[in-house]
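> sequence and predicted structure, then a few things I'm wondering about:
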Amino acid sequence: MLGVKVLDRGIEHLKKAKLSLQLELEALGDAQAKQLVSQQLELEQNLVDITQQIEEITQEVAQLERRKGNLSRQLLEISREDKIYQHKLKVVKQQKLTRKNLLQSKKELKRLLSRDCHLVFFPLLAIAWSSYFKRCAIADS
């Protein structure tokens, strides 16, 4: 850990020394040296700006990736909810159809009972008439 701090301080010292030498060269040097130092400073500033832009873009990409993950989870949840809703609609439709069929069956049963209910008594009448005819036959003999 101590070695890392020493290296960091050394790097900072070298940056300051480099800047000091560049400024001195710019002040004391000829026109071409001044121009080259000026271009180098400009390029270094551009490098710093571009590095900052890359860092901002990287952070934005990470943020967008997190948002993409959240949206994917939400979409999956919505998809599940939509499937459940579609199933509910299907069940409700099936329930309505079943109730309609039940009502039709009840109506048909009522119609059949009102039309043919007297047929229930035919077997009883047949037995009664049969015994009546038997009694009559016995009485006639």
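Sure thing, it's come through. What you see is a predicted model, and the numbers here were worked out from it, not measured in a lab.
> helices or strands next to the helix or strand harbouring residue 25 in the packing?
If you go by DSSP states H and E, residue 25 is part of helix 2-28. With contacts taken as 3 or more Cβ pairs under 8 Å, 6 or more residues apart in numbering; DSSP states H and E, helix 2-28 sits against helix 31-116. Every C-beta, even on glycine, is put in place using the N, C-alpha and C of the backbone.
> now do the helix it packs on, average pLDDT.
Averaging pLDDT along helix 31-116 yields 92.
> show the subsequent helix or strand relative to that helix.
Using DSSP H and E, the helix or strand that directly follows helix 31-116 along the chain is helix 122-140.
> who does that following helix touch, helix- and strand-wise?
Secondary elements touching helix 122-140 (3+ Cβ pairs under 8 Å, 6+ apart): none.
> quick one: buried residues of that helix?
Residues of helix 122-140 classed as buried: none (neighbour count, 16 or more other Cβ atoms under 10 Å).
> start the count at 4 instead of 1 going forward.
In the new count, where the first residue is 4, that last one comes out as helix 125-143.
> how far away from the center of its chain is that helix?
80 Å (Cα atoms, centre = their mean, to the nearest Å).
> and stretch 69-86, C-alpha only, in CSV?
Extracted in CSV, the C-alpha atoms of stretch 69-86 (Å, rounded to 0.1, in the frame of the first residue of the first chain):
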residue,chain,number,x,y,z
ARG,A,69,-29.6,-1.3,-16.0
ARG,A,70,-32.7,0.4,-17.5
LYS,A,71,-32.8,-2.2,-20.3
GLY,A,72,-32.7,-4.9,-17.6
ASN,A,73,-35.6,-3.2,-15.7
LEU,A,74,-37.6,-2.8,-18.8
SER,A,75,-37.0,-6.4,-19.8
ARG,A,76,-38.3,-7.6,-16.4
GLN,A,77,-41.3,-5.3,-16.7
LEU,A,78,-42.0,-6.5,-20.2
LEU,A,79,-41.9,-10.1,-19.0
GLU,A,80,-44.2,-9.3,-16.2
ILE,A,81,-46.6,-7.5,-18.6
SER,A,82,-46.4,-10.5,-20.9
ARG,A,83,-47.4,-12.8,-18.0
GLU,A,84,-50.2,-10.5,-17.0
ASP,A,85,-51.4,-10.4,-20.6
LYS,A,86,-51.5,-14.2,-20.8
